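J.: Sharing a sequence plus its predicted fold:
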2 protein chains.
Amino acid sequence: MAAVTLKDVAERAGVSIKTVSNVVRGIPRVSEATRSRVARAVDELGYRPNPSARRLRTGRSGLVALVVPDLATPYFAELAHHVRAEATSLGLTVLIEESLGDAAEELRLAGGVGASLLDGVILSPLRATPDELAGVTDDFPLVLLGERSYGRDRVVADHVLIDNVAAARDITSHLIGLGRTRIAAIGVDHQGSATSRQRLEGHQQALHAAGLPFDPGLAPRVEEFDRRNGLLAMRALASLPAGERPDAVFCFSDLLAVGAQRALHEAGLAVPGDVAVAGIDGSQEALYSTPSLTTVVPDKAAIASLAVKCLAARIRSRTPLPFEVHVAPHWLEERESTLGARRAVRP
Amino acid sequence: MAAVTLKDVAERAGVSIKTVSNVVRGIPRVSEATRSRVARAVDELGYRPNPSARRLRTGRSGLVALVVPDLATPYFAELAHHVRAEATSLGLTVLIEESLGDAAEELRLAGGVGASLLDGVILSPLRATPDELAGVTDDFPLVLLGERSYGRDRVVADHVLIDNVAAARDITSHLIGLGRTRIAAIGVDHQGSATSRQRLEGHQQALHAAGLPFDPGLAPRVEEFDRRNGLLAMRALASLPAGERPDAVFCFSDLLAVGAQRALHEAGLAVPGDVAVAGIDGSQEALYSTPSLTTVVPDKAAIASLAVKCLAARIRSRTPLPFEVHVAPHWLEERESTLGARRAVRP
DNA sequence: CACGCCGGTTACAACGTTGGAACACGATAG
DNA sequence: CTATCGTGTTCCAACGTTGTAACCGGCGTG
């Protein structure tokens, strides 16, 4: 078993423990001769610093947590992938946690579980409200993904998000541009999450701009943004009498859209012939589904990069900085589910 | 900021630090009176033990790592989900890491990164060979998912796996039972991973048992088990001259199958009319794809549970136990991609 | 030549926790 | 009345690391 300590290295190199520590951390005040001697001893013994001891002494662990509602959701899995990559490049280790959409759990994790274990948290909140979060983040480094619910004045933490209103507006405008007039929206949230509200807002803006009415009957409520809820919601919409049935549907997540496509398939309705479908998330699953799914792609790498850098900055400076809001880019990918033509996926 | 220590609690309760420590850890030798007094002080001050200090003192951190090739692969994301749940119920915290299919990285992580940070590792190896792994796991608790490459005698660590040979045999037999005779296999691995070899073995067993020949031309090599490779491999197969084209295909992962379905869609071939498709992984994506995908479902909850329990046991007993191999159940779910009839998904 | 200075190094204490030995106390036994 | 015991508690050291202060030698300066 390893258990090589500074002391062992020090003895080997014939210097004091502190000097080894200085060499290991690259502190300048060491002569070239001793530096190389120590470096060799480190290599020979295979010394690795003990994170617990370091943390205990310095108060820094180099450990941050990423809290997402559910890892089995492709969007969050892909995001976690990017966050981990970005954090690693900055020398941070990421602990991935799932809140399972439970508000209490989100608050607990936002507080840093053992704040004594973590340096900071990146949280993708689903249920917890900003007010609740404000109470918890007692100047503990916290970056929120998405969900700026309050105006620019009432910011309770750093945020990284895409412009949800614009994204939704883009999608619905695209559907309108295809000549569709009865456009459903699947994803109005039971709990009224900020994301859901913002996407509905963009949808309505686009309808309004085109002089189309908003029909609440075409905006069913869902429990979660998963495939199952998309399936159930679309089944209901598909069974409406002919004149009332939508000719397009904007789903607030790719998973909802996948479920909706499945329901249309089962109902014998053609996509996009009878009903055009669009999602949002830019997941790989959307690209490969049949028909391939038109979706808004949030720049996940940018989101991850901004979030990690922002968190790292906040950890570095102990003093409370003003909160920042970063907006990451997004773009619309038009595919078969709205365009119709069969086209080869460019893998 | 928190920073409530045992010392603070001790002062408040008017006892020694050690007594508080005993109460917190539920050690019996404490009178009921002091116990409740201390408990109240703990609550009032909001004391939380400092994991780093605890780890430093005891050598246990309660942290285990799960190392998977790629989180963006639904199978691993779902598995991570289960592992996390199971570990939490046992009071362990899970650090999720990605190896990105790099052998060196797998070995590094198998060794416990800083072994001083982790109590153990659950590793899903992709490239690293058992021989290499045997060298690293210097009695450091390690559980491998899948991949028992050697016979029962040469076991280098605990394993949790499904019977890949049987699973593959089941699938190919199912395809044969539909009357298919030219059955392709997509997923023969460039590097010859154990999983790939075992699935090919089962495939060949089923062919042999039915008196069908194995045609190497129908078993293209792939780089990875992802959608892209499935797409490319199936494109090639679909462009074979009429008589040589397969009438069924067994993909060694659901992602490969999704890519294959996409290629068939683009080639204008019907599933399962022209080509039946089956995968393996039991992902949600397979259930909702169009057509829904026949797949073998490994019992992921069982795999996670066995792996975590096995690791926990090994951590508890410092002495080297004999290595164990646990086999988790799996079953075949027959869906539209082989059965043909359009059927409603039971969500 | 004495002085201060500075680069390079070391000694010591502390971070919060826990294992083990030591201790106080009342009860029980001899 | 003392010796023994068990129960509950305290004291001390240690885990591996780093910040602070102190130290030591040689160099340039006055």
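T.: The structure has been received and is ready for your questions. Numbers count the residues shown, from 1 in each chain, chains lettered A, B, ... in the order given.
J.: Tell me which strands whatever helix or strand residue A:121 lives in pairs with, and in which orientation.
T.: Assessed by DSSP states H and E, residue A:121 sits inside strand A:120-123. In the sheet, strand A:120-123 lines up against strand A:63-68 (parallel), strand A:142-145 (parallel) (DSSP bridges).
J.: who touches the last one?
T.: If I follow you right, that is strand A:142-145. For strand A:142-145, the external contacting residues (CB atoms under 8 Å, 6 or more residues apart in numbering or on different chains) are A:79, A:110, A:120-125, A:133, A:157-161, A:303, A:307, A:310-311, A:314. The way it works is simple: take the backbone N, C-alpha and C, and place the C-beta from them, glycine included.
J.: all helices for the stretch 201-347 of chain A, in order.
T.: Ranges of helices within the stretch 201-347 of chain A are A:227-238, A:254-267, A:284-288, A:300-316, A:336-339, based on DSSP state H, counting those that start in this stretch.
J.: The second one - what's its average pLDDT?
T.: This points to helix A:254-267. What helix A:254-267 shows for mean pLDDT is 96.
J.: same for that helix, what does it pack against?
T.: The contact analysis (3 or more CB pairs under 8 Å, 6 or more residues apart in numbering or on different chains; DSSP states H and E) places helix A:254-267 against helix A:74-89, strand A:183-186, helix A:227-238, strand A:248-251, strand A:276-280, helix A:284-288, helix B:284-288.
J.: How far off centre is it?
T.: 23 Å (CA atoms, centre = their mean, to the nearest Å).
J.: got the angle between that helix and helix A:227-238?
T.: 50 degrees (axes from the mean of the first three to the mean of the last three CA atoms, to 10 degrees).
J.: which stretches of the stretch 1-150 of chain A have low pLDDT?
T.: For the stretch 1-150 of chain A, the stretches flagged by pLDDT under 70 are A:1-2, A:111-116, A:130, A:135-138, A:148-150.
J.: which residues are there in it that come within reach of chain B?
T.: By the rule CB under 8 Å from any CB of the partner chain, the part of the stretch 1-150 of chain A lying against chain B is A:1-3, A:48-53, A:55-56, A:61, A:70-72, A:74, A:77-78, A:80-81, A:84, A:93-98, A:113-117, A:138-140.
J.: Can I get the buried part of the residues you listed as one PyMOL selection?
T.: To isolate the buried members of the residues of the stretch 1-150 of chain A next to chain B in PyMOL, using 16 or more other CB atoms under 10 Å in any protein chain shown:
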select buried, chain A and resi 2+48+49+50+51+52+53+55+56+61+70+71+72+74+77+78+80+81+84+93+94+95+96+97+98+113+114+115+116+117+140
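J.: Can you tell me which of the residues of the stretch 1-150 of chain A next to chain B end up in strands?
T.: Judged by DSSP state E, the subset of these located in strands is A:93, A:94, A:95, A:96, A:97, A:98.
J.: Can I get those residues in TSV including distance to residue A:146?
T.: Output for these, formatted as TSV (distance: CB to CB, whole Å):
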residue	distance to residue A:146
A:93	24
A:94	18
A:95	20
A:96	17
A:97	17
A:98	16
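J.: Out of these, which comes closest to chain B?
T.: Distances from those to chain B were compared by CB to the nearest CB; the smallest belongs to residue A:96, at 4.3 Å.
J.: The closest residue to residue A:230 other than its chain neighbours: what's it in contact with?
T.: In space, and not counting its chain neighbours, residue A:230 is closest to residue A:259: 2.6 Å by CB to CB, 6 or more residues apart in numbering or on different chains. The contact partners of residue A:259, taken as CB under 8 Å, 6+ apart, are A:226, A:227, A:228, A:229, A:230, A:231, A:232, A:233, A:234, B:288, B:347.
J.: Quick check: of the residues you listed, which lies closest to residue A:8?
T.: The nearest member of these to residue A:8, counting by CB to CB, is residue A:226 at 52.5 Å.
J.: Pretty sure that closest one sits against residue A:256.
T.: Yes - using CB atoms under 8 Å, residue A:226 is in contact with residue A:256, at 7.3 Å.
J.: What number of residues are in the vicinity of residue A:104?
T.: By other CB atoms under 10 Å in any protein chain shown, 11 other residues sit near residue A:104.
J.: thinking in terms of the whole chain, how far from its middle is whichever helix or strand it is part of?
T.: Element membership of residue A:104, judged by DSSP H and E, is helix A:103-110. The chain centroid and the centroid of helix A:103-110 are separated by 16 Å under CA atoms, centre = their mean.
J.: Tell me what angle it forms with strand A:93-98.
T.: Using the same axes, to 10 degrees, the inter-axis angle of helix A:103-110 relative to strand A:93-98 is 170 degrees.
J.: Give me the buried positions along helix A:103-110.
T.: A:103, A:105, A:106, A:107, A:108, A:109, A:110.
J.: Then stretch A:166-185?
T.: Those would be A:167-176, A:178, A:180, A:182-185, for stretch A:166-185 by 16+ other CB under 10 Å.
J.: What of stretch A:217-226?
T.: Quick answer for stretch A:217-226 (16+ other CB under 10 Å): A:218, A:219, A:220, A:222, A:224, A:225, A:226.
J.: quick one: which of those residues sit in strands?
T.: Members of these lying in strands (criterion: DSSP E): residue A:222.
J.: Let me have the buried residues of stretch A:217-226 in CSV, adding pLDDT and distance to residue B:338 as columns.
T.: Converted to CSV, the buried residues of stretch A:217-226 look like this (pLDDT from 0 to 100; distance: CB to CB, whole Å):
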residue, pLDDT, distance to residue B:338
A:218, 94, 36
A:219, 95, 37
A:220, 95, 33
A:222, 95, 31
A:224, 91, 30
A:225, 93, 30
A:226, 93, 25
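J.: List just the nearest of the buried residues of stretch A:217-226 to chain B.
T.: Nearest to chain B among the buried residues of stretch A:217-226 is residue A:226, at 8.4 Å by CB to the nearest CB.
J.: quick one: contacts for that closest one?
T.: Contacts of residue A:226 (CB under 8 Å, 6+ apart): A:73, A:253, A:255, A:256, A:259.
J.: at 6 Å what do you get?
T.: Going by CB atoms under 6 Å, 6 or more residues apart in numbering or on different chains, residue A:226 touches residue A:255.
J.: What lies in contact with the strand holding residue A:121?
T.: Outside strand A:120-123, the residues that reach it (CB under 6 Å, 6+ apart) are A:64-67, A:110, A:112, A:141-144, A:307, A:311, A:315.
J.: Looking at neighbours, which among those is most surrounded?
T.: For the contacts of strand A:120-123, counting by other CB under 10 Å, the largest number of neighbours falls to residue A:307: 29 neighbours.
J.: which one is it nearest to, not counting chain neighbours?
T.: Leaving out its chain neighbours, the residue that sits closest to residue A:307 by CB to CB, 6+ apart is residue A:160, at 4.5 Å.
J.: do residue A:208 as well
T.: Excluding the flanking residues, the one nearest residue A:208 by CB to CB, 6+ apart is residue A:214, at 7.5 Å.
J.: circling back to that earlier point, nearest to DNA strand D among the contacts of residue A:259?
T.: residue A:226 (44.5 Å; CB to the nearest atom of the strand).
J.: before we move on, the earlier item: just so I know, which of the strands paired with strand A:120-123 lies nearest DNA strand D?
T.: strand A:63-68 (14.7 Å).
J.: Just give me how far that closest one sits from the chain centre.
T.: That offset, for strand A:63-68, works out to 11 Å (CA atoms, centre = their mean).
J.: Give me the contact list for that strand.
T.: Strand A:63-68 is contacted from outside by A:76, A:80, A:83, A:92-97, A:99, A:109, A:118-124, using CB under 6 Å, 6+ apart.
J.: Which positions are bridged to residue A:249 in the beta structure?
T.: Counting by DSSP bridges, residue A:249 is bridged to residue A:184, residue A:277.
J.: separation between it and residue B:254?
T.: Using CB to CB, to the nearest Å, residue A:249 is found at 26 Å from residue B:254.
J.: Neighbour count for those two, which is higher?
T.: residue A:249 (32 against 29).
J.: Got the domain ranges for chain A?
T.: Annotated domains of chain A cover A:6-49, A:62-162+A:299-329, A:164-297+A:332-339 [automatic domain parsing].
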